[in-house]
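1. Provided below for reference: sequence and predicted model.
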Amino acid sequence: MQWKHMCKPHAFTVHYVQRMKKHRWRCKAVTFWCSDELLCCHWLQALTDLLEQQTWRPKHVLVYINPYGGKKKGKQIYEKKVAPLFSLASISTEVLVTEYANHARDNLYEVNLEKYDGIVCVGGDGMFSEVLHGLIGRVQKDSDVDQNNPKVPLSPCNMRIGIIPAGSTDCVCFATVGISDPVTSALHIILGDCQPLDVSTIYHKKAFLKYSVSLLGYGFYGDVLKGSEKNRWLGPARYDFSGFKTFLSHHYYEGTVSFQPAKWAVGSPRDKICCRSGCYICRQSSKQLEEQQRAEARGLENNEQEDWTTIKGKFMAINAASMSCACPRSPRGLSPAAHLADGTADLILVRKCSRLNFLRHLIRHTTSNSDQFDFPFVDVYRIRSFQFTPKHFEEEDAESTDLGNIGKKNFAQICTDHPSCGCNQLNSVWNCDGETLEQTAIEMRVHCQLIKLFARGIEESQKEEDKNPSRV
Ligand SMILES: Nc1ncnc2c1ncn2[C@@H]1O[C@H](COP(=O)(O)OP(=O)(O)OP(=O)(O)O)[C@@H](O)[C@H]1O
Ligand SMILES: CCCCCCCCCCCCC/C=C/[C@@H](O)[C@H](CO)NC(=O)CCCCC
Ligand SMILES: [Ca+2]
């Protein structure tokens, strides 16, 4: 809410948020008129005092704009739709339009963060990932935590990040707000909303590689991403084109997946309880996790060695979703019941299957009532960490360093296992929030609520509330 002083007669305008359909918010205005100047001033003062009590609202923010994300409209979106709302809400800004990839990340290591109440990132998931790496890295540096040491607990980041969607998938925005809409996101920032978010760390042979908040995917989603990079000029359509080609190529990959189930977690991936504003599952699970960690620290529970489950196989896709990964392409997401802030991820294993069956599984991601896990070749687990070793990596590590022999052995394996399509693709790549990883043998671990966003989670719709009256 904001007020504007008008001259004669005495009047002021209150700007407020109105909820529209499908989680969209709009800014509306109502003007109050009054013949009594003193009464008008009292009202103004009362409203100003109320606004000042809302100390969680940001006053000064640092804005990073990627001018090349999505349809290359980031700058325009910010200037036309967001900046006017920020100025109406008396939010002052410092704006950096990035000049190269990783400009925002590097800048976050240098700026004086104390000056700001939040960071705003205008772009897609890739741009958000840059800001995420910059902010988490900076906070660890300032608190003397070595982010390369997997054994050291990471320091949580209290500075909130706001996402103005201007990318191709905008999954983090969609899954935390319910819609990819710049005005709605700007209004969540102005109101000072706060949504904690789990962050996963990814390591290769105990060396830190990346952070991830949405999808860490090998096989299908890795190949879609890799194929799409060559066609960046197509903009958001590059994913549809590459998705179609990847689907036709129908590759599977061999390897070993080991994971630690999140045994303290309150929900399960197929319980159909979706994460919503003020989520009960997130609150309960994070509380239970804290207790579990205290017990582990006291040595009451053996945390590292116990409880690993190992599965060897041929996989079409291995997906770890730290949140639902809902986006306009898949409005319920890869794992509709995954939670934003419960300290877990859902590990989805899609084993080798026919093209038709894989298509049936994929199509269920796009429809509202069907269960994409209800297939004999799909398994899903709620986990705290997992590791993956591709088959050829195991052989490489275990048997020999003679590259010539390994090449021959693996080629022979592919030709006998997979004679009909003539493919010679040994490994896929990992898709980590829309960026490829160089290493294929990786380990991932979820960190509960490491960062905070200017969002409030998806608000329950009336239909959902009628179905679950007792929740939250
Ligand atoms: N000035 C710049 N020039 C080139 N690349 C940039 C620049 N600024 C940021 N980037 C990089 O562009 C990449 C893609 O950006 P972004 O995520 O905004 O759009 P997108 O890939 O179209 O959307 P999505 O990630 O949602 O699919 C990011 O990895 C980011 O590091
Ligand atoms: C033949 C019918 C096919 C129908 C398939 C529909 C399935 C859609 C599921 C979409 C899941 C998106 C998960 C989000 C991943 C983001 O971190 C990442 C970065 O923006 N986006 C992609 O990798 C882009 C991934 C794009 C996948 C198509
Ligand atoms: Ca989670």
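-> Okay, I see it. Ligands and ions are numbered 1, 2, ... in the order given.

2. Please make it C-alpha for all contacts and neighbour counts, starting now.
-> Fine.

3. which parts of the stretch 51-200 of the chain sit against ligand 1?
-> 66-70, 98-102, 123-127, 130, 167-170 (CA under 6 Å from any ligand atom).

4. Now, those that are in helices?
-> D125, G126, M127, E130 (DSSP state H).

5. on that earlier part again, just the buried members of the residues of the stretch 51-200 of the chain next to ligand 1?
-> Among those, the ones that count as buried by 16 or more other CA atoms under 10 Å are 66-70, 98, 102, 123-127, 130, 167-170.

6. restrict those to contacts with ligand 2.
-> Near ligand 2, by the rule CA under 6 Å from any ligand atom, you find D125, T169, D170 out of those.

7. Which member of these is positioned nearest T344?
-> Among those, D125 lies closest to T344 (CA to CA), at 20.2 Å.

8. rewinding a little: okay, the ones next to ligand 2 among the buried ones among the residues of the stretch 51-200 of the chain next to ligand 1 in CSV with pLDDT next?
-> Below are these laid out as CSV (pLDDT from 0 to 100):
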residue, pLDDT
D125, 96
T169, 89
D170, 95
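
9. Can you add distance to ligand 3 and give these back as CSV?
-> Shown next, in CSV, are those (distance: CA to the ion, whole Å):
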residue, distance to ligand 3
D125, 17
T169, 19
D170, 18
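
10. What is the burial count for K151?
-> Residues lying near K151 (other CA atoms under 10 Å) number 9.

11. Point out where the stretch 1-150 of the chain drops to low pLDDT.
-> By pLDDT under 70, the weakly predicted segments of the stretch 1-150 of the chain are 1-8.

12. mind redoing it with 50?
-> Within the stretch 1-150 of the chain, the set of residues satisfying pLDDT under 50 comprises 1-2.

13. Where do the strands of it begin and end?
-> For the stretch 1-150 of the chain, the strands defined by DSSP state E, counting those that start in this stretch cover 2-6, 10-19, 25-34, 60-65, 92-97, 118-123.

14. Deepest-packed of those strands, please.
-> strand 118-123 (a mean of 27; mean count of other CA atoms under 10 Å).

15. Show me what that strand is packed up against.
-> strand 60-65, helix 74-77, helix 125-142, strand 160-165 (3 or more CA pairs under 8 Å, 6 or more residues apart in numbering; DSSP states H and E).

16. which one of these is the most hemmed in?
-> Ranked by mean neighbour count, the helices and strands packed on strand 118-123 are led by strand 160-165 with a mean of 28 (mean count of other CA under 10 Å).

17. who does the helix or strand following that strand touch, helix- and strand-wise?
-> Downstream of strand 160-165, the next assigned helix or strand under DSSP states H and E is helix 171-177. Secondary-structure packing of helix 171-177 (3+ CA pairs under 8 Å, 6+ apart): strand 160-165.

18. Check the gap between the residue nearest to T98 when sequence neighbours are not counted and H103 for me.
-> Excluding the flanking residues, the one nearest T98 by CA to CA, 6 or more residues apart in numbering is N66, at 5.5 Å. Using CA to CA, to the nearest Å, N66 is found at 9 Å from H103.

19. can you pull the contacts of the residue of the stretch 251-400 of the chain found nearest ligand 1?
-> Using CA to the nearest ligand atom, the closest approach of the stretch 251-400 of the chain to ligand 1 is made by C327 at 9.5 Å. With contact set as CA atoms under 8 Å, 6 or more residues apart in numbering, C327 has these partners: T169, D170, C171, F174, A175, G333.

20. The closest residue to L135 other than its chain neighbours and D193: what is the separation?
-> Once flanking residues are discounted, L135 sits nearest to L108: 6.2 Å by CA to CA, 6+ apart. Separation of L108 from D193 (CA to CA): 22 Å.

21. Give me the more crowded residue out of these two.
-> Higher neighbour count among L108 and D193: L108, with 23 against 19, using other CA under 10 Å.

22. Okay, now the unreliable bits of the stretch 151-300 of the chain?
-> If you take pLDDT under 50 as the line, the stretch 151-300 of the chain has no such spans.

23. residues touching the residue in the stretch 51-200 of the chain positioned nearest to ligand 3, list them.
-> For the stretch 51-200 of the chain, the residue closest to ligand 3 is D198, as judged by CA to the ion, at 5.4 Å. Taking CA under 8 Å, 6+ apart, we find D198 in contact with 213, 322, 340-344, 446-451.

24. quick one, the helix or strand where it lies and strand 160-165 angle?
-> For D198, the host element (DSSP H and E) is strand 195-204. Here strand 195-204 points in a direction 90 degrees away from that of strand 160-165 (axes from the mean of the first three to the mean of the last three CA atoms, to 10 degrees).

25. Can I get the contacts of D198 in JSON lines including distance to A29 and secondary structure?
-> Shown next, in JSON lines, are these (distance: CA to CA, whole Å; DSSP: H, G, I helix; E, B strand; the rest coil):
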{"residue": "V213", "distance to A29": "36", "secondary structure": "coil"}
{"residue": "S322", "distance to A29": "38", "secondary structure": "coil"}
{"residue": "L340", "distance to A29": "33", "secondary structure": "coil"}
{"residue": "A341", "distance to A29": "34", "secondary structure": "coil"}
{"residue": "D342", "distance to A29": "38", "secondary structure": "coil"}
{"residue": "G343", "distance to A29": "40", "secondary structure": "coil"}
{"residue": "T344", "distance to A29": "42", "secondary structure": "coil"}
{"residue": "V446", "distance to A29": "43", "secondary structure": "strand"}
{"residue": "H447", "distance to A29": "41", "secondary structure": "strand"}
{"residue": "C448", "distance to A29": "39", "secondary structure": "strand"}
{"residue": "Q449", "distance to A29": "36", "secondary structure": "strand"}
{"residue": "L450", "distance to A29": "37", "secondary structure": "strand"}
{"residue": "I451", "distance to A29": "33", "secondary structure": "strand"}
